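J.: Need a 3D model of the following:
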Amino acid sequence: MTGGEIVAIIALTGTVVTTLVAAIFQGAAMSRCKKISCCCFECDREVLQNEELYKTNQKRENDDEN
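T.: Numbers count the residues shown, from 1 in each chain. The predicted structure follows:
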């Protein structure tokens, strides 16, 4: 393999890992669960109230439009 191919594989792997981590944490943020355990990550947290969820969703929709 040439240097360019190795760089492309590393960049692609980094992009895939970043996307998966972002999806997991976004799902956890919107979850109604108080205790979350995923692979080697575990946390206890307070669940967002309906008003906070609404504000978060509105902010995300506004960001998606821009």
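J.: doesn't residue 4 fall inside a helix?
T.: Yes. In this structure, residue 4 lies within a helix as judged by DSSP: H, G, I helix; E, B strand; the rest coil.
J.: Now for it: which residues touch it?
T.: For residue 4, no contacting residues are found, by CB atoms under 8 Å, 6 or more residues apart in numbering. For the C-beta atoms, the positions are set from N, CA and C on the backbone; glycine is no exception.
J.: Residue 36: neighbour count?
T.: 16 (other CB atoms under 10 Å).
J.: Pick out the residue closest to the middle of this structure.
T.: The residue lying closest to the centre of the chain (CA atoms, centre = their mean) is residue 22, at 2.2 Å.
J.: Does it belong to a helix, a strand or coil?
T.: Quick answer, by three-state DSSP: residue 22 is helix.
J.: Residue 58 versus that one, what's the distance?
T.: 20 Å (CB to CB, to the nearest Å).
J.: Also residue 45?
T.: From residue 45 over to residue 58 (counting by CB to CB), the distance is 21 Å.
J.: what does residue 64 give?
T.: 11 Å.
J.: same thing with residue 9?
T.: Counting by CB to CB - residue 9 and residue 58 are separated by 39 Å.
J.: what does residue 41 give?
T.: From residue 41 to residue 58 the distance is 28 Å (CB to CB).
J.: what's the burial count for residue 56?
T.: Other residues lying near residue 56 total 13 when counted by other CB under 10 Å.
J.: meant to ask about residue 29, not that
T.: Residue 29 has 12 nearby residues by other CB under 10 Å.
J.: same question, residue 11
T.: 10.
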